[in-house]
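Trainee: Starting from these lines, generate the structure:
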Amino acid sequence: MHQEAKPKPVFSILVAGHREDRLNRMNSQEAIFASLKKSLLELKELAKVQLDNAAQLYKQIPSKNCEYRLLTGCAPGVDTKAAQLATEIGYELHLLTPGQDKVTNEAQKNAQRKVTLGAPITQSTELPVEAFAIRDEIALAYSDVLTVVWDGKSPQGIAGGTVRLIRESLLQRKPVIWIGTGGNIKYSQPQQLTESELSILRADGWSPTLLKKHFNGDNTEVMGQLECLLNPAKSANGVEICDQINRLTGVKPCGDPCYGVSAKELKHEDHPIAEPDGIKNAFSIFDTQANAYAKKHRSSVWALYLLATFAVFFAACGALTFTPKSLWPYSELTVLSVVIAIYLIAVKKKWHGLFLSHRYLAEQLRYLRFSYPLLAIPSVFLKSIWKIPEKPLSATSTGKTNPLRISGAEIWLLNRTLISTGLPTAKTANTQNYNLQKCNTSSLAQNYLKKITEGQHDYHVKANHKRHSEHRKLHRFSAGLFIATFIMVVMEIFHIGPHSMLSLGTIVCPALGAAIHGILTQNEIARISAMSNLTAEQLKSYIAAFEKINSKETDMTWNNFLTLRCLTNDAAELMSGQNSQWQALLIHQKESLPA
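Mentor: As a prediction, this is how the structure comes out:
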């Protein structure tokens, strides 16, 4: 069995909090850090147990290969203390800073990974505000839980940091552990985070009062949420989710690409980072599986509709008393049996659903690979994996000890793949250090981003041409059948030609034309072709934009880096959105018997 599509067993904690000056104004720092250490130990033990219990969902045996990561910054205060605790407790230390690398203790110097955005100091001796926003977005994307030291007051100075992280974590329904003054620990309450509450948070999420109302001293819900995250079997829909995950990751790659169109791969030497094997291997397997299931699904659609036409043909032959008369009922029965058998096999094997799920996973990972060097993470990877109803369900009503529900196997796999991969590493000898600005020079726009975007543009152009050509040919053939039917009806009226053969033609030709129309509708060939054409047109502007950035200068300034990252993110969002629309279009076209 191939394991590459399964995520590695990884648990990642983001530790954040106040800088030294504001931290010093909080009471009982010793108690605060004692509570922080206690939380880190409890979370590590919980992760160990749940990852072991869900070993079948992960690539390696968790008890032997589990990685516990602590992600934090380099600012004096909570960050530096968290780095020391990581070494003491046994977490891998991953550092992420908005400016230049500023390690202040031995633990930070020995961090397994260090990523710096490279933002310059402004005239006010502060880093740009956008650097903190980007840092927070990236840090949350690579963490399972936020543990934060917060005095419970409004933001001071740059509107971000601690309060921003709490707000964004709640919006993503990530578990939050809040360590307050005196070491008092409070926990987020995930079942309170309904869509209506999130709407209020988006509108006015900077109010400490509004944030505090989502916390209390009971850790039952947040610990249950973490259990479900690492071991989906614990969730209210755990049996269904685990079955879907195993279906998506536990099959052997097979099959050939359908439609004869695929996006070209970038050569290793053109890639700006040491590309993680986890993302690359998972993408390759999901892509291969998507092609295989697409071929099976489309073949079953063609077979169902064409065999249904043969059933009409045999029925017409029997009704028109063609000899031998006894042959036609048995022939019709045989064809109908084959139709029903193909339909039942397609439904049981779930070819349609597996085709859509594998294609969705493959394409989203493709766009993550594209934007990964600049850590411009597509929004689908930042979505909450939880379904929270407006009226919370009790554990009794769901029949589970935990009423939380995971929204889908695909979103869980994408989330775990991203987090298990972790922050990028450089291709240089000192691989654990990665400076986003220095490593992503302006030549990157030409040698990497532009090439990938051109490849996607060419893919959509070819896909549009092939599907449009197929639709045109089938549509003309279908129209020809109805014209032939019209001619045969006229011949029947004027008694031209053998009556029985003309009657057979007027029955079979419309049936075959309807079958062709059913195939076109079931596969949504025309609409998918139009979507590919629109996406190709939109990608042209990004190709031109990457070309212009490349022509500006050799060294990448901070502003040019922000522009490049924004363009990369927008291009990835465009392609990701197109893939989501494509899936929404086909999700309802499940296997069905011809009408």
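
Trainee: Show me the helices in the stretch 151-300 of the chain, by range?
Mentor: Using DSSP state H, counting those that start in this stretch, the helices of the stretch 151-300 of the chain run over 161-171, 195-203, 208-212, 220-230, 238-249, 277-319.

Trainee: chain center to the first one, what's the gap?
Mentor: Going back to what we said before, that points to helix 161-171. 22 Å (C-alpha atoms, centre = their mean, to the nearest Å).

Trainee: And stretch 515-522, by the same measure?
Mentor: Chain-centre distance of stretch 515-522: 30 Å, with C-alpha atoms, centre = their mean.

Trainee: separation between Thr162 and Ser532?
Mentor: 45 Å (C-beta to C-beta, to the nearest Å). Any C-beta I mention is one placed from the backbone N, CA and C, and that applies to glycine too.

Trainee: Could you do Ala316 as well?
Mentor: With distances taken as C-beta to C-beta, Ala316 is found 39 Å from Ser532.

Trainee: Neighbour count: those two, which is higher?
Mentor: Neighbour totals were compared for Ala316 and Ser532, and Ser532 leads with 23 against 20 (other C-beta atoms under 10 Å).

Trainee: Cross-check the contact I'm expecting between that one and Asp458.
Mentor: No: if you go by C-beta atoms under 8 Å, Ser532 and Asp458 don't touch, sitting 11.2 Å apart.

Trainee: ok, and what's touching the helix or strand hosting Asp136?
Mentor: Asp136 is located in helix 129-141, with elements delineated by DSSP states H and E. Identification of contacts with helix 129-141 by C-beta atoms under 8 Å, 6 or more residues apart in numbering yields 14, 16, 71, 73, 96-99, 115, 117, 119, 146, 158-161, 164-165, 168-169, 172, 174, 375, 377, 381-382, 418, 423, 562, 565.

Trainee: Beyond that helix, next helix or strand please.
Mentor: Following helix 129-141 toward the C-terminus (DSSP H and E): strand 145-149.

Trainee: Please name every helix or strand in contact with that following strand.
Mentor: Contact here means 3 or more C-beta pairs under 8 Å, 6 or more residues apart in numbering; DSSP states H and E; on that basis strand 145-149 packs against strand 10-17, helix 29-53, helix 161-171, strand 176-179.

Trainee: Each with direction, which strands does the shortest one pair with?
Mentor: The strands beside strand 176-179 in its sheet (DSSP bridges) come out as strand 145-149 (parallel), strand 185-188 (antiparallel).

Trainee: Quick check: which of those strands is buried the most?
Mentor: Mean neighbour count (mean count of other C-beta atoms under 10 Å) peaks for strand 145-149 among the strands paired with strand 176-179, with a mean of 24.

Trainee: what inclination does that strand have with respect to helix 220-230?
Mentor: Put simply, strand 145-149 runs at 140 degrees to helix 220-230, going by axes from the mean of the first three to the mean of the last three C-alpha atoms, to 10 degrees.

Trainee: give me the beta-bridge partners of the nearest residue in space to Asp144 that is not next to it in sequence?
Mentor: Residue nearest to Asp144 in three dimensions, not counting chain neighbours: Ser12, with 5.2 Å by C-beta to C-beta, 6 or more residues apart in numbering. According to DSSP bridges, the residues that bridge with Ser12 are Arg69.

Trainee: ok, Ser12 - contacts?
Mentor: If you count contacts by C-beta under 8 Å, 6+ apart, then Ser12 has 69-71, 94, 142-144, 419, 422 around it.

Trainee: any low-confidence regions in the stretch 401-550 of the chain?
Mentor: 401-402, 429-431, 442, 444-446, 550 (pLDDT under 70).

Trainee: Go again with 90.
Mentor: Counting by pLDDT under 90, the low-confidence segments of the stretch 401-550 of the chain come to 401-404, 425-451, 495, 497, 517-518, 520-530, 546-550.

Trainee: tell me the centre residue of the protein?
Mentor: Central residue of the chain (C-alpha atoms, centre = their mean): Leu414, 4.4 Å from the mean position.

Trainee: Name the residues that touch the helix or strand containing that one?
Mentor: In the assignment (DSSP H and E), Leu414 maps to helix 409-421. Where contact means C-beta under 8 Å, 6+ apart, the residues beyond helix 409-421 that reach it are 7-10, 12, 67, 141-144, 232, 241, 244-245, 247-249, 276, 278-279, 282, 357, 360-361, 364-365, 368, 377, 380-381, 383, 385, 406.

Trainee: repeat that for 7 Å
Mentor: The contact list for helix 409-421 (C-beta atoms under 7 Å, 6 or more residues apart in numbering) reads 7-8, 10, 12, 141-142, 144, 232, 241, 244-245, 248, 276, 278-279, 282, 357, 360-361, 364-365, 368, 380-381, 383, 385, 406.

Trainee: ok, now stretch 41-55?
Mentor: 9, 11, 13, 58, 61-63, 66, 68, 89, 145, 223, 226-227, 230-231, 233.

Trainee: so Trp582 touches Ala530, yeah?
Mentor: No: when contacts are counted by C-beta atoms under 7 Å, Trp582 is not listed as touching Ala530 (11.1 Å).

Trainee: Have a look at the two and say which one is more surrounded.
Mentor: A count of neighbours by other C-beta under 10 Å puts Trp582 above the other of Trp582 and Ala530, at 20 against 15.

Trainee: residue contacts, that one?
Mentor: Contacts of Trp582 by C-beta under 7 Å, 6+ apart are 528, 531.

Trainee: if we can go back for a sec, and the helix holding Asp136 with helix 161-171, angle?
Mentor: Interaxial angle of helix 129-141 relative to helix 161-171 (the same axes, to 10 degrees): 50 degrees.

Trainee: Centre of the chain to helix 129-141, how far?
Mentor: Centroid separation for helix 129-141 versus its chain: 20 Å, with C-alpha atoms, centre = their mean.

Trainee: next one: stretch 213-231
Mentor: Using C-alpha atoms, centre = their mean, the offset of stretch 213-231 from its chain centre is 24 Å.

Trainee: ok, residues contacting it?
Mentor: The contact list for stretch 213-231 (C-beta under 7 Å, 6+ apart) reads 11, 46-47, 50-51, 53-54, 144-145, 170, 175, 177-178, 186-193, 234-235, 402, 404, 406.

Trainee: Kindly export that stretch (C-alpha atoms) in CSV.
Mentor: Output of stretch 213-231 as CSV, limited to C-alpha atoms (Å, rounded to 0.1, in the frame of the first residue of the first chain):
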residue,chain,number,x,y,z
LYS,A,213,-16.6,36.3,25.9
HIS,A,214,-15.4,33.3,23.9
PHE,A,215,-13.2,32.0,26.7
ASN,A,216,-13.8,30.4,30.1
GLY,A,217,-11.9,28.2,32.5
ASP,A,218,-13.3,24.9,31.3
ASN,A,219,-10.9,23.1,29.0
THR,A,220,-13.3,20.3,28.0
GLU,A,221,-14.3,21.7,24.6
VAL,A,222,-10.9,22.8,23.4
MET,A,223,-9.2,19.6,24.4
GLY,A,224,-12.0,17.7,22.7
GLN,A,225,-11.5,19.8,19.6
LEU,A,226,-7.8,18.9,19.6
GLU,A,227,-8.6,15.2,20.0
CYS,A,228,-10.9,15.4,16.9
LEU,A,229,-8.4,17.3,14.9
LEU,A,230,-5.6,14.8,15.4
ASN,A,231,-7.9,11.7,15.5
